[in-house]
Every structure is written in C-alpha cells, then in structure tokens.
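Undergrad: the following comprises the amino acid sequence and a computationally predicted model.
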Amino acid sequence: MIKVTHVTKTYDDGKVRVEALRGINVEIKNGEFTAIVGPSGSGKTTLLNIIGGLDTPTEGNVIIGETNIAQLSENQLIDFRLNHIGFVFQSYNLIPVLTAKENVEFLMLLQNKSEAERDERTTKLLKAVGLEDQINKKPNEMSGGQQQRVAVARALASKPDFILADEPTANLDSASTANLLDIMYRLNQEENMTFVFSTHDQRVIDRAKRVITVEDGKILSDIYT
Amino acid sequence: MSFWDKQPYITFVPFVMLFKLAWRNIFRNKRRSIITVSSIIFAVIFAVFMRSLQYGAYGNMLKNIVSSYLGYIQVHKQGFWTEKTLDNSFSPEDITYLLDHENIGYLSYRIEGFALASKDDNSKPVALLGLDVQQEKNRLGLDKKVVQGEYFTNRKTGILVGIGLRDIMSLRLGDSIIFLSQGYQGSMASGSYPIIGFIDLKTPELNKRTVIMDLAQAQEFFAMPNMVTTAVLGLKNDNWEETQQEVIARVDTNQLEVLNWNEMLPELQQLIAVDKAGGLFVLFILYSIITFSLFGTVLMLTEERSFEYGVLIAVGMAKNKVIIVAILETILMAITGIIAGLAFAFPVVLYFNIYPINLSGQMQEVVEKYGFEALIPTSLDPSIALSHAGIIFFIVLVVNMYTIVKIKRLEPIKAMRR
C-alpha cells in the first residue's frame, strides 16, 4: 500500500516560488491500476516522482508498506527503489549498450540474484511482453513499442511492490499503445501487480480502474471506474 | 541491515556486468575513443623515447667516464685536485690495503704533471702523464687507440704522443722530444724521450696536449721515486657511492682525498641536472596537454552520460557502481593507450639503442670537449617505461575525480530532464 499524507512540494530558486503540490492525500492499495491525470504543469509527474522516491516532499509523508520514504537517506532510497519500485519512463531509457535480455537482467544482477533465477525470470518476463524472439537485440534495433515492452519487463524484473509509469505511451503509436496496455493490464490481473501511471493519454485513462485528477497541485477528483 | 550489506559495493557477477557496460560504452563514440587512445599512445611514445634518450645519454656519459681516464673514484694527496702540483703526491704503499675492499679489483697509479716539450724550433706545453702502462692498457684499451707505431708492448721506455700534438709539432715516429719541467720539491726535470707511437684519444683537446710515458719513467723524470699523484680505484661493480664512503672511512683523510667522478667533474653533474630539468619541463608540458585532453574526454563523457547515470540511479543502481562504470571506461581506454604506446615505443627505443644517434657539428664538439663519444644511445631501462605508464595512469585517475564528484552530486530527477 502507498499512503501519501499532506504532501506539499515547493520549488523556490530565490526568484520564483512554485507550489507544485499543495497538501496531497491519497492511498493506493495493492493490485490497483491507477492513472494520475491532469494537464501539463498540474503536478502529476511531481507526485509520481515523490511516490517513487526520486524527489522528496517539502512537507508530508510517503509511506510505502511500512517505510516512510521521506525519511530515508539517499543511499537507502536508491536501495529501496531497487527492491520495491519498478519504473517505466516515457522515453524507455533502456541501457543502449545492453541487449533486451541484459537490460531485463540488469536489476537482478544488482540484487545479486543467482544466474538460474535471473535466466528463468528474464525468459518469463520477455515472453510475457511478447519479446522472447528479440532477446539479443539492442534497443536501437527495436521499435519504440518493443523498447517500452522491454522497459516494462525490466521494471518487473526486480519483483517490485508496484510499478510507476510516467507517460508510458506518449511516444507510442496506437497499435503499440494497445499492445502495451494489454500486457500491463494482464500483469495486473494475473499477478496482482500494482500500476500507477501519470498520463493524459485517453487510451490509458480508459483502461484504468481508478483515475486521480490533479490540477494546480491538488487532487481535483478521485474516481474508481 | 546496513545499506552496504543489502547492496554490496562490488561482487563478482555485477562487476562482470559493470565491466561489460564500460567496455561497450567505449565503442559508442568510436571517434572520440580513438582520439583519446591516440593521444595516450602519442604521450607514452614521446615520453618514453625522450626519457630513454636522456637517460641513455647520461648512461653513455657515465660509461665513458668509467672507461675513460677519470674512473669512478680517485685517491690523491689531500688538496691535489684543487692544486695540481707534484708536491701533492703520495706513496702507493699508503693505500695498498684498499685492495682488501671487496669492490676494489685493482689500483692504477699515475703521475700527472706538466712539461715544456721541444723538438727542433717547436716547443709546446704538454700534459705529461706517467701511467702503469700494462694496467691502463687493460682498463682503457690504450693500445687500441694507437694509430701509428706501437704501444708499450715489449718495452717501458719511450713515449706515446697525441695525434693533435703530432700535427702541431710536425712529429714523426722515432723522433725524440726534449722535456723540461719542475720536478718533485722544486727539483729540475729534464730528459729526452723517443716517440714510439701516436695515439688518438678521441678528443681534440686531449690529442693536442697529451704525452704518455710509463710510470717508472715519469717517476725518474720528475725525480719522485715511489711517489704518485693519483690512484684510480678499479671497481668490480658500479656501486661507487657506497664504495667511496667505505674508502673514506678507511683512509687518513687528513693526508688523502677520495673523490668521485661527480666531485671531479662538477660541471658535468650540473650539465646533467640542467638537462634533466629541461626534460622534466618538456614532460610537464606534454603531460599538461594530455591531462587536459583526457579531462576533455572525461568532461564530455560525464556530461553526455548524465541522463543515463540519472536513469541508472533512478532504477536502483548505487552511485558507487555508476562511478565504477564511468571510471572503468576511461581506465580501459588508458590501459589500451598505454599498452599500445609501449608496444610502439619499444622497437623505436631498441633501434636507437642498437644504432645510437650520431651527433654532429657544434654538439659533437661540445660533447667531445668533455671527452665523451658524440653518440646518444637510448636506455633500455624498463623503469622508464613503467614510470611513464604509471604517470599517465595516475593522470587518468586524477581527471576521473570530476566524474566521481559529478555522480556523487547527481540528482536523478534533474539528470533525466533533457
């Protein structure tokens, strides 16, 4: 469970003060398929970054499971992200010099998983995202949709508690978007994996079970569909 | 459980992956990697060759000194080196016990005096050297330097004359030269000696003023029986510094002075020191250029990869591991450049060791004036190559400090903003 309480985020460079988040309170339960939506500058990406421990709140707490990540040191946060959070980025952000298989395997290596476990999980994940025949291709040899599917497999590789996806379909065509959403939806249904998206892609919003609308740093609505 | 327990600094399997990442990253921008490796190769070749040439020249000088007239260490009557008079002489018996020293193979005695040489209407001041002709033949190979006539092979009478003096005084084999000088303790020294050969001492200055005779003959001429001005210590190995100190400890330094080649030729030491400093200055400039070149590479690499580093840290890679990947990349390039540089430098250095550079013109004159061969061979001392490889490796480590600081301060959110 992710519990965000009274979270504010203010950016102040001495000249301009921007209140990106203004007292956000939200709970996301295990197994949810949630979309955080809102116009550009609404604060949805900031909220996602704070939930993912990539940014720290100015005030408030973010509790994941039993850990208040707002109180973790930088190194503890990195370790927490490795073991508890999976990330899918808008522009895939795969490691360009590694193959699809190596990209998926990478986080498990950092977790010191055995070779047998790595092989088994990598094969399983790449099969789950439909790329079992692309394992030795490098990112520049794959389409955007294929890269994003590898990114999803990588995010799942470390067996995280949930996956944060920041505009995952922004760079994909319709067919790739539909395919990716199918995969993530299936993983959510079959493995009870929690997904949290920030998006303004209607196709993603239509598939979400819960839609949280953020505007001007506040939650405008929170609807279960 | 601490952070380090959970995500160890380094284990073998991740290291293989980190190495793989670093290695493959090198080929992402081949042109830049080639430029970087090439600059290291150039630096290694230039530094190793230049230093080998310098140290080879010093080594050759030293070899010349050892095999030349001077030797490593000489013993004189106290004050002889500053005031070269025959009165500053001593008896060989005073130091024969030095032969007990483990590094002293023999003692070669000399009388070094001056005389006025006359033949017909010509007269010329000359350095009249009385040598143990058999000992010096073995040590200096004097017999091989005789270009006309013969060495003191079956005789100890007569004189050898420098070829320069021969030309100035129009001398021929068999001619007799009359010498006039002041002998030991103010006595009058005079005598006539036949020329048995002409000798080329390889140095124009020495050739113009040197006359060599047997030590016994010189002792008789200068009226100083059983006395010498100089004893050259024949060392069994090159450890002259330690031997000198041990000899100083054994002799009566109130009566005798024990000088090494540095002390006898301080100007040579200064020449070497100045030359070394000049070489270091050139190397400093070279290494400065290489440092900035490498820093440029590291700077570009780090800036270019900031986004990627941000992603790696975001997904859970410890900053220390990201640093290892970044540093490994430049270290691998440096090692490649160093090995290739050494591989290219070695045959060049070897070639000039076998076929030394022949000096000509003014340089030749200057070098020969000091009694040295006008040749510069390169040194094959492996410590030269290793030290410069080490310096370049150290520079790589230093410039990587930028990467370390940059990654340590990196915030993934900011780094991932394109």
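TA: That came through fine.
Undergrad: check the stretch 301-418 of chain B for the residue nearest chain A and tell me.
TA: Shortest the stretch 301-418 of chain B-to-chain A distance, computed as Cβ to the nearest Cβ: residue-wise this is B:Gly316, at 2.6 Å. Placement of C-beta: from N, CA and C, glycine included.
Undergrad: tell me, how many neighbours does the nearest residue to that residue once chain neighbours are set aside end up with?
TA: If the residues on either side of it in the chain are set aside, B:Gly316 comes closest to A:Leu82, at 2.6 Å by Cβ to Cβ, 6 or more residues apart in numbering or on different chains. Here the number of neighbours of A:Leu82 (other Cβ atoms under 10 Å in any protein chain shown) works out to 20.
Undergrad: the one 4 residues further on too?
TA: Neighbourhood size, A:Gly86 [other Cβ under 10 Å]: 28.
Undergrad: which residues touch B:Ile41?
TA: B:Gly337, B:Ala340, B:Gly341, B:Phe344 (Cβ atoms under 8 Å, 6 or more residues apart in numbering or on different chains).
Undergrad: surely A:Ala175 touches A:Gly145?
TA: Yes: taking contacts as Cβ atoms under 8 Å, A:Ala175 lies within contact range of A:Gly145: 7.3 Å.
Undergrad: between the two, which has more neighbouring residues?
TA: Between A:Ala175 and A:Gly145, A:Gly145 has the larger neighbour count (other Cβ under 10 Å), namely 20 against 9.
Undergrad: helices and strands around the host helix or strand of that one, which ones?
TA: Assigned by DSSP states H and E, A:Gly145 belongs to helix A:144-157. Packing partners of helix A:144-157 (3 or more Cβ pairs under 8 Å, 6 or more residues apart in numbering or on different chains; DSSP states H and E): strand A:85-88, helix A:100-110, helix A:115-128, strand A:162-166, helix A:174-191.
Undergrad: could you pull out the strands for the stretch 101-250 of chain B?
TA: B:104-119, B:122-131, B:146-149, B:159-162, B:176-182, B:188-199, B:210-214, B:230-235 (DSSP state E, counting those that start in this stretch).
Undergrad: distance of the residue of the stretch 1-150 of chain B found nearest chain A relative to A:Arg154?
TA: Closest approach between the stretch 1-150 of chain B and chain A, counting by Cβ to the nearest Cβ: B:Arg24, at 3.6 Å. Distance from B:Arg24 to A:Arg154, counting by Cβ to Cβ, to the nearest Å: 17 Å.
Undergrad: dig out what the spatially most central residue of chain A forms beta bridges with.
TA: The centroid of chain A falls nearest to A:Leu164 when counting by Cα atoms, centre = their mean (1.6 Å). Beta-bridge pairing for A:Leu164 (DSSP bridges): A:Phe87, A:Val196.
Undergrad: wait, doesn't it sit right on A:Leu48?
TA: Yes: assessed by Cβ under 8 Å, A:Leu164 is found in contact with A:Leu48 at 5.5 Å.
Undergrad: who touches the helix or strand containing A:Asn75?
TA: Assigned by DSSP H and E, A:Asn75 falls within helix A:74-84. Residues from elsewhere that reach helix A:74-84 (Cβ under 8 Å, 6+ apart): A:52-54, A:64-65, A:67, A:69, A:72, A:87, A:107, A:110-111, A:158, A:160-162, B:3, B:6-7, B:313-319.
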